[in-house]
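Engineer: sequence unknown, structure follows:
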């Protein structure tokens, strides 16, 4: 774990979470690593600032409403984005609507690793649609909370650099706002493919555990290899050792990548998504084609009967 190195690269201040503080006995080091891995803490600041500083071409805005449920597989209600008006004086023929993306099996790209094989809903056509969510998870000792969810890319274009925002309402009253602290897994999502992400709510204690209504918005970029676009690595090995997932991922993009590299474990119970844990990879510099990074993710108390783990960095 290299909190100080990642923090230095992006200007984050970690205080006591530097290499000196993490250099004590094994148990103390594991505690420091677990703290860095907790959603809503230091990783959230690094990756959120990273994504918001990057250009996001071809952004698509979609609003989604879901009624909170414990691991519900039901698709949420989505609202469409507006259309652009033509500036020409001639009358152009109406373009046909894009064909619906065919829903694909979970991890059809093969970028993830693990034993989770959930069957998830199709979701609304022609949208990036939220299709399942985990129970709200409050961050111990803090006011924040996280909401892990799955979505499907039902557009006809591959997407990347997926950045979510959300609101939470209790009985119609707006009680919390939040945003994704990292990109999705996988980092590039083909038409019909499932992705996963996490929203961090700053005032999570105001969200009821049951009955809250969430509204989601998403911005995406074209899936390409331009500089600073999100780059998926192929997770070739992922081993469960008690409460940790240890593995490696290889750069198969054919392009050099830059760090930091984030490993995220998404947990499931059958078809229900139950939570997420993450950690940065040991390597943090440039990784050439066919180069490999290694990671350890601490599951803590997250219910995790089965799991899927993904790793991403950035195109140099």
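Structural biologist: Looks like it arrived, so ask away. Just so we're clear, the structure is a prediction, and the values are computed from it rather than from any experiment.

Engineer: Packing partners of the host helix or strand of residue 296?
Structural biologist: Residue 296 is located in strand 292-298, with elements delineated by DSSP states H and E. Here strand 292-298 touches helix 26-37, strand 244-250, strand 257-269, strand 272-280, strand 306-315, going by 3 or more CB pairs under 8 Å, 6 or more residues apart in numbering; DSSP states H and E. From N, CA and C alone the C-beta is placed, and that goes for glycine too.

Engineer: make it 6 Å
Structural biologist: strand 244-250, strand 257-269 (3 or more CB pairs under 6 Å, 6 or more residues apart in numbering; DSSP states H and E).

Engineer: hey, which of those strands is tucked in deepest?
Structural biologist: Comparing these by mean neighbour count (mean count of other CB atoms under 10 Å), strand 257-269 ranks first with a mean of 24.

Engineer: for it, packing partners?
Structural biologist: By 3+ CB pairs under 6 Å, 6+ apart, strand 257-269 packs against strand 272-280, strand 292-298, strand 306-315.

Engineer: Rebuild the ones you listed as a markdown table, extending it with mean neighbour count, distance to residue 262 and mean pLDDT.
Structural biologist: Below are the helices and strands packed on strand 257-269 laid out as a markdown table (neighbours: other CB atoms under 10 Å; distance: least, CB to CB, whole Å; pLDDT from 0 to 100):
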| stretch | mean neighbour count | distance to residue 262 | mean pLDDT |
| --- | --- | --- | --- |
| strand 272-280 | 25 | 6 | 97 |
| strand 292-298 | 21 | 9 | 98 |
| strand 306-315 | 24 | 6 | 98 |
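
Engineer: want to try JSON lines for the ones you listed, with distance to residue 143 as columns?
Structural biologist: Listed next are the helices and strands packed on strand 257-269 as JSON lines, based on distance: least, CB to CB, whole Å:
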{"stretch": "strand 272-280", "distance to residue 143": "19"}
{"stretch": "strand 292-298", "distance to residue 143": "22"}
{"stretch": "strand 306-315", "distance to residue 143": "28"}
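
Engineer: remind me which residues of the stretch 1-150 of the chain are low pLDDT?
Structural biologist: 1-100 (pLDDT under 70).

Engineer: residues making contact with the strand holding residue 296?
Structural biologist: If you take CB atoms under 6 Å, 6 or more residues apart in numbering as the criterion, strand 292-298 is touched by 34, 37, 244-246, 248-250, 261, 263, 265, 277, 279, 281-283.

Engineer: and with 7 Å instead?
Structural biologist: 33-34, 37, 233, 243-250, 261, 263, 265, 277-279, 281-283, 287, 309, 311 (CB atoms under 7 Å, 6 or more residues apart in numbering).

Engineer: For the helices and strands packed on strand 292-298, give me a markdown table that also has distance to residue 162 and mean pLDDT.
Structural biologist: As requested, these are exported to a markdown table (distance: least, CB to CB, whole Å; pLDDT from 0 to 100):
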| stretch | distance to residue 162 | mean pLDDT |
| --- | --- | --- |
| strand 244-250 | 19 | 98 |
| strand 257-269 | 13 | 98 |
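
Engineer: Quick one: closest of these to residue 126.
Structural biologist: Residue 126 lies closest, by CB to CB, to one member of those: strand 257-269, at 25.2 Å.

Engineer: quick one: the closest one to strand 272-280, angle?
Structural biologist: 150 degrees (axes from the mean of the first three to the mean of the last three CA atoms, to 10 degrees).

Engineer: coming back round to it: for residue 179, find the nearest of the helices and strands packed on strand 292-298.
Structural biologist: strand 257-269 (15.8 Å).

Engineer: how many degrees apart are that closest one and strand 292-298 in direction?
Structural biologist: On the basis of the same axes, to 10 degrees, strand 257-269 is oriented at 40 degrees to strand 292-298.

Engineer: What helices and strands are in contact with the helix or strand containing residue 240?
Structural biologist: Using DSSP H and E, residue 240 sits within strand 230-241. Applying 3 or more CB pairs under 7 Å, 6 or more residues apart in numbering; DSSP states H and E, we find strand 230-241 packed against strand 244-250, strand 306-315.

Engineer: Next, the buried residues of that strand.
Structural biologist: Within strand 230-241, the residues that qualify as buried are 230, 231, 232, 233, 234, 235, 238, 240, counting by 16 or more other CB atoms under 10 Å.

Engineer: Who are the contact partners of the second one?
Structural biologist: Residues in contact with residue 231 (CB under 7 Å, 6+ apart) are 187, 253, 257, 312, 313, 314, 315.

Engineer: Over to the fifth one?
Structural biologist: Under the criterion of CB under 7 Å, 6+ apart, the neighbours of residue 234 are 111, 249, 250, 252.

Engineer: quick one: pLDDT of it?
Structural biologist: For residue 234, the pLDDT comes out at 98.

Engineer: how close does it sit to residue 315?
Structural biologist: Distance, residue 234 to residue 315, by CB to CB, to the nearest Å: 15 Å.
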